[in-house]
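In: predicted structure and sequence below. I'll ask about it afterward.
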Amino acid sequence: GGTFFFNKNGFITADVDYLDYSSMNLSSKDFSMEANNDDIKSTATSTINFRGGAEYRFDMFRVRAGAAFYGDPMDDGLDRTMRQYSGGVGVRLANMYIDFGILQNTYKSDYSSVPGSDLATTDHKQLTGLLTLGLNI
C-alpha cells in the first residue's frame, strides 16, 4: 500500500492484497478434516484485492471518493467478486464537524433450492449513507 500527501490539502491512497485461499487448512481434535482440506485445495484459489481513494480539502470543506475490488476466492465458475464505490463531503469548523458519506456495494449471489438444479443469480446493489455530526471539546 501507499499514500501520497498534497501537503495539508489532501491525499491519494491505494492498497493491494494478494491472498492465497488454497493454502487454508481446517483441523479438528475430534474428527478428520482431510476431505474438507482436499476440497479447499481443489476449489480455492488466489485472488487480488484492491482499495483506493482520495480526499481533498478546500479550506473548511472536505471531498473524498474511493473504490475497492475484491476478487473471487473460488475457482468453480461462479462470480463472487465484489465492487465498492464510496464518496463523501464534509465541513470542519473550529469546534464541530459535519460529514456525509455514501457507499455502494455491488456483487452477485447464486442459489439453488435443490442440489444439482439450475442456479438462480441475484444482482445485489446496496446503497448506504451516513451523516455524522461531531464536537471537538
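Out: Arrived safely.
In: please identify the buried residues of the helix or strand of the chain with the lowest mean pLDDT?
Out: Least confident helix or strand of the chain, by mean pLDDT, DSSP states H and E, is helix 34-43 with a mean of 88. Applying a neighbour-count criterion of 16 or more other Cβ atoms under 10 Å, one finds residue 40 buried in helix 34-43. Where C-beta positions appear, they are placed from N, C-alpha and C, glycine not excepted.
In: partners of whichever helix or strand comes after that helix, with directions?
Out: Next helix or strand after helix 34-43 toward the C-terminus (DSSP states H and E): strand 46-58. Strand 46-58 sits in its sheet next to strand 10-20 (antiparallel), strand 61-70 (antiparallel), going by DSSP bridges.
In: can you give the distance of strand 46-58 from its chain's centre?
Out: Its chain's C-alpha centre and that of strand 46-58 lie 10 Å apart, by Cα atoms, centre = their mean, to the nearest Å.
In: show me what counts as buried in that strand.
Out: Applying 16+ other Cβ under 10 Å to strand 46-58 flags 47, 49, 51, 52, 53, 54, 55, 57 as buried.
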